[in-house]
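Undergrad: missing the sequence, but the structure's below:
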């Protein structure tokens, strides 16, 4: 089986350096019009998780290989044993009950990003099953998809209708997500949009030259 790396996801809005920050503009990135023009039968908007990319390979109904980006993670290892722990925790929850193939997902937990989800240990969440089934924003297709509307949705307090973390709300906690990921379920295309990509954002941003992949 050929092993793939998860592709770098781009913003559907053109980004420019303004006042020293690399931020999105109202201009739509060429080739990403589908994010705003496609209906609910084609595009899903899910919460963007803050962790690290991990994929598993299933062959003969068994997990045979684990990768962090393109680096294979042996079952017994030093330094990245938390990834194995995350897969085992996901397996216990039946998140790995999948057909043969390579599956991408996000490991979140104690050692990643300051653990914004306040979970114990670590957990692997597959993108095309768990995230699509449980972390999709049903409101995405209910409102105009203009830049101003999206910016307001991202910036407003949760109490005033602003975006919230679906993962945390399932645990009874209200907090903002890192951003969203758009999935074109017909073509397989994806795009991402983070809160820190807007000019109004206050706080630590991702580095401008950092090649940030889907979390």
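TA: Good, I have the coordinates. Given the structure is predicted, the values throughout are model-derived calculations rather than measurements.

Undergrad: low-scoring stretches of the chain, by residue?
TA: The model of the chain has pLDDT under 70 over residues 207-215.

Undergrad: where's the nearest residue to residue 38 once chain neighbours are set aside relative to residue 31, distance?
TA: Nearest in space to residue 38, with sequence neighbours left out and distances taken as CB to CB, 6 or more residues apart in numbering, is residue 184 at 6.7 Å. Placement of C-beta: from N, CA and C, glycine included. As judged by CB to CB, to the nearest Å, residue 184 and residue 31 stand 11 Å apart.

Undergrad: just to revisit the earlier point, what count of nearby residues applies to the residue nearest to residue 38?
TA: Look at residue 184: counted by other CB atoms under 10 Å, it has 16 neighbours.

Undergrad: ok, it touching residue 42?
TA: Yes: counting by CB atoms under 8 Å, residue 184 touches residue 42, with 6.2 Å between them.

Undergrad: Overlap in contacts, those two.
TA: Residues touching both residue 184 and residue 42 by CB atoms under 8 Å, 6 or more residues apart in numbering: residue 34.

Undergrad: Quick one: residues contacting residue 47.
TA: Shown in contact with residue 47 (CB under 8 Å, 6+ apart): 131, 135, 137, 165-167, 177, 180-181.

Undergrad: From residue 165, how far off is the residue most central in space within the chain?
TA: Taking CA atoms, centre = their mean, the centroid of the chain lies closest to residue 48, which sits 2.9 Å from it. Residue 48 is 10 Å from residue 165, where distance means CB to CB.

Undergrad: shared neighbours of the two, which are they?
TA: When CB under 8 Å, 6+ apart defines a contact, the residues bordering residue 48 and residue 165 alike are residue 177.

Undergrad: Next up, phi/psi of the residue lying farthest from the centre of the chain, please.
TA: For the chain, the residue at maximal distance from the C-alpha centroid (CA atoms, centre = their mean) is residue 60, at 28.0 Å. When quoted as degrees, to the nearest 10, the phi and psi of residue 60 stand at phi 60, psi 30.

Undergrad: same question, residue 197
TA: Backbone geometry at residue 197, expressed as degrees, to the nearest 10, gives phi -90, psi 0.

Undergrad: now residue 169
TA: Main-chain dihedrals, residue 169, degrees, to the nearest 10: phi -60, psi -30.

Undergrad: returning to what we had before: hang on, isn't the residue nearest to the centre of the chain packed against residue 192?
TA: Yes: the pair residue 48 / residue 192 is scored as a contact, 5.8 Å apart, by CB under 8 Å.

Undergrad: what's the longest helix seen in the chain packed up against?
TA: Scanning the chain for the helix with the most residues, using DSSP state H, yields helix 81-92. Other elements packing on helix 81-92 under the criterion 3 or more CB pairs under 8 Å, 6 or more residues apart in numbering; DSSP states H and E are strand 52-59, strand 62-68, strand 101-109, strand 122-126.

Undergrad: Return the angle between stretch directions for that helix and strand 62-68.
TA: Using axes from the mean of the first three to the mean of the last three CA atoms, to 10 degrees, the inter-axis angle of helix 81-92 relative to strand 62-68 is 140 degrees.
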